[in-house]
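*Asks:* Model the structure of this input:
(one chain, ligands or ions: 1)
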Amino acid sequence: VGGPAMRASQEDFANAMSQVKLLKKDPGNEVKLKLYALYKQATEGPCNVPKPGVLDFVVKAKWDAWNALGGLSKEAARRSYVDLVSSLSASSSGRATPAADGKRADSDHVLVTSEDGITAITLNRPTKKNALNTQMYHDIMLALKAAGKDSSTITVLTGSGDYYCSGNDLSNFKDVPSGRPEESAQRSAVLLRDFVDCFIDFPKPLIAVVNGPAIGISVTLLGLFDAVYATDRATFHTPFSHLGQSPEGCSSYVFPKMMGPSKAAEMLIFGKKLTAQEAFAQGLVTEVFPDSTFQKEVWARLKAYAKLPPNSVRISKQLLRSQEKERLHAVNAEESRALQERWVSAECHDAIAAFLSRKAKL
Ligand SMILES: CCCCC/C=C/C(=O)SCCNC(=O)CCNC(=O)[C@H](O)C(C)(C)COP(=O)(O)OP(=O)(O)OC[C@H]1O[C@@H](n2cnc3c(N)ncnc32)[C@H](O)[C@@H]1OP(=O)(O)O
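*Replies:* The predicted model follows:
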């Protein structure tokens with residue numbers, strides 16, 4: 001689930017440790033803490049030292065990061081370390097984000113542009129309906145971290161081609177090394193939790209420009225956006241039960257609050273697909289636009305918003321969201337734990353096998 005095909009050998013791990021020293025850009029404290037934690041987990045296993053005092057800030061931050069990895073196996077930590085270093089190296093060599101204002105930085109499937117006070121992150125894998133592979137999760141996290149700190153006023157997530165996003169790339173499931181499904185599920189749960197945390201913590205207005213159908217995690221995350229603009233061609237589908245899985249993106253908490261428990265159950269338990277108008281009626285979408293004028297109208301609106309004073313906009317966003325942050329982090333942790341179990345279930349394996357053998361489509 002979610003992870004690349006091979007196990008990380010000791011050699012891959014050693015290479016990654018050397019690569020870290022060659023990074024051209026400082027990856028920032030948050031990433032350094034993550035690298036530290038994964039290194040400790042990979043070499044020593046779960047956190048085995050007493051919790052330091054609260055005033056020992058640096059030691060405490062390191063301890064927290066290591067301890068947060070829980071029972072992640074050494075092999076899974078090694079793989080995550082190698083993946084993280086590889087995405088940092090790609091970014092550091094200019095292949096991925098961040099984008100400087102007015103410039104454009106590309107990774108393979110995630111494009112980042114920054115212009116007119118707007119940083120736009122575009123999912124760019126149209127031949128696969130913008131399904132999210134492991135590298136894309138990492139690229140989006142890097143792009144969000146950079147956008148949170150750049151000088152733009154607002155950040156936008158959108159898709160290229162006819163889809164917004166078809167959710168998790170189901171072929172990630174093909175790549176599980178035989179005999180190691182638990183480790184792979186554990187690694188994916190860590191990735192999922194980190195990924196959703198980036199949305200919970202995003203410090204400035206985050207806007208989804210939903211240019212077509214949205215499936216799975218690309219729908220659930222919408223509850224963490226500050227505005228969602230959709231073409232009337234868009235649909236919103238969370239077929240978790242059909243896939244033997246369960247909701248993520250904090251939707252198990254945000255959706256019932258937003259649309260009431262029974263409408264949330266129709267979507268999240270029974271997999272009812274909503275039209276754009278239905279999603280608008282449930283409060284998931286802010287406004288629906290005719291497809292023929294969608295791009296023009298939405299970007300004109302966004303450009304006007306981006307002219308607002310950036311600090312004021314950022315502070316207002318944080319005020320609107322701060323009360324819920326702690327709760328959302330707890331929900332994210334719980335949802336990731338539940339999915340980790342689902343991913344090794346027969347129900348999930350059968351559903352994915354059916355999709356991969358072309359017997360099933362949503
Ligand atoms: C680590 C974090 C985990 C987070 C947990 C997240 C969970 C989720 O997101 S659950 C949702 C998963 N997504 C799906 O179940 C969608 C599966 N895709 C489909 O049902 C269909 O492809 C479609 C409805 C999205 C589009 O159908 P159609 O218009 O008929 O087009 P094709 O099926 O021919 O698709 C073109 C091409 O794209 C590939 N593809 C589309 N979606 C995915 C996907 N999610 N994963 C992998 N591949 C996908 C599809 O296989 C086709 O590929 P080719 O055959 O190579 O052309």
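*Asks:* how about the spatially closest residue to Leu224 that is not a sequence neighbour, what does it touch?
*Replies:* Once flanking residues are discounted, Leu224 sits nearest to Phe199: 4.3 Å by CB to CB, 6 or more residues apart in numbering. Bear in mind the C-beta positions are built from the backbone N, C-alpha and C, glycine included. For Phe199, the contacting residues are 144, 206, 221, 224-225, 249, by CB atoms under 8 Å, 6 or more residues apart in numbering.
*Asks:* ok, so of the residues you listed, who is nearest the ligand?
*Replies:* Checking these against the ligand with CB to the nearest ligand atom, the nearest one is Gly249 at 8.1 Å.
*Asks:* Which of the helices or strands spans the closest one?
*Replies:* Using DSSP states H and E, no element contains Gly249; it sits outside every helix and strand.
*Asks:* So it is in contact with Leu224, correct?
*Replies:* Yes - between Gly249 and Leu224 a contact is recorded at 6.8 Å, counting by CB atoms under 8 Å.
*Asks:* Just want to know which of these two has more residues nearby.
*Replies:* Gly249 (27 against 22; other CB atoms under 10 Å).
*Asks:* And the more buried one, how close does it get to Arg193?
*Replies:* As defined by CB to CB, to the nearest Å, Gly249 lies at a distance of 11 Å from Arg193.
*Asks:* Once you drop chain neighbours, what's closest to Lys62?
*Replies:* By the measure of CB to CB, 6+ apart, the closest residue to Lys62 outside its immediate chain neighbours is Tyr36, 5.6 Å from it.
*Asks:* which SS state does the residue nearest to Leu224 fall under?
*Replies:* Recorded secondary structure, Phe199: helix (DSSP: H, G, I helix; E, B strand; the rest coil).
*Asks:* Would you check how far apart it and the ligand are?
*Replies:* Going from Phe199 to the ligand by CB to the nearest ligand atom, to the nearest Å gives 13 Å.
*Asks:* re the thing from before, so what sits against both of Gly249 and Leu224?
*Replies:* Residues touching both Gly249 and Leu224 (CB under 8 Å, 6+ apart) are 196, 199.
*Asks:* so who does the residue of the stretch 151-300 of the chain found nearest the ligand touch?
*Replies:* Here the stretch 151-300 of the chain gets closest to the ligand at one residue, Gly216, 2.2 Å apart by CB to the nearest ligand atom. Gly216 makes contacts with 165-168, 237-240, as judged by CB under 8 Å, 6+ apart.
*Asks:* hmm, try it at 7 Å
*Replies:* Counting by CB atoms under 7 Å, 6 or more residues apart in numbering, Gly216 makes contact with 167-168, 238.
*Asks:* where does it fall, phi/psi-wise?
*Replies:* phi 60, psi -130 (degrees, to the nearest 10).
*Asks:* And it, how far from Ala131?
*Replies:* 9 Å.
*Asks:* about what we covered before: pick out whichever of the contacts of Phe199 sits closest to Phe280.
*Replies:* Phe225 (14.1 Å; CB to CB).
*Asks:* I figured that closest one hits Val210, correct?
*Replies:* No - between Phe225 and Val210 there is no contact under CB atoms under 7 Å: 9.7 Å.
*Asks:* quick one: which of the two has more around it?
*Replies:* Val210 (33 against 20).
*Asks:* Return the backbone torsion pair for the more buried one.
*Replies:* phi -90, psi 100.
*Asks:* Next, count neighbours for the residue nearest to it when sequence neighbours are not counted.
*Replies:* Take Val210 and drop its neighbours on the chain: the residue closest to it by CB to CB, 6+ apart is Ala230, 4.1 Å away. For Ala230, the count of nearby residues is 30 (other CB under 10 Å).
*Asks:* Ramachandran coordinates for Ala230?
*Replies:* Ala230 has phi and psi values of phi -130, psi 140 when expressed as degrees, to the nearest 10.
*Asks:* picking that back up, over to the residue nearest to Lys62: give its phi and psi.
*Replies:* According to degrees, to the nearest 10, Tyr36 has phi -60, psi -50.
*Asks:* Wait, it touches Asn67, no?
*Replies:* No - the criterion here is CB under 7 Å, and Tyr36 misses it with Asn67 at 11.9 Å.
*Asks:* so can I have TSV of the contacts of Phe199 showing pLDDT and distance to the ligand?
*Replies:* Output for those, formatted as TSV (pLDDT from 0 to 100; distance: CB to the nearest ligand atom, whole Å):
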residue	pLDDT	distance to the ligand
Leu144	97	15
Leu206	98	18
Leu221	98	10
Leu224	98	14
Phe225	98	16
Gly249	98	8
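*Asks:* Now, those residues that are in strands?
*Replies:* Leu206 (DSSP state E).
*Asks:* Cheers, nothing more for now.
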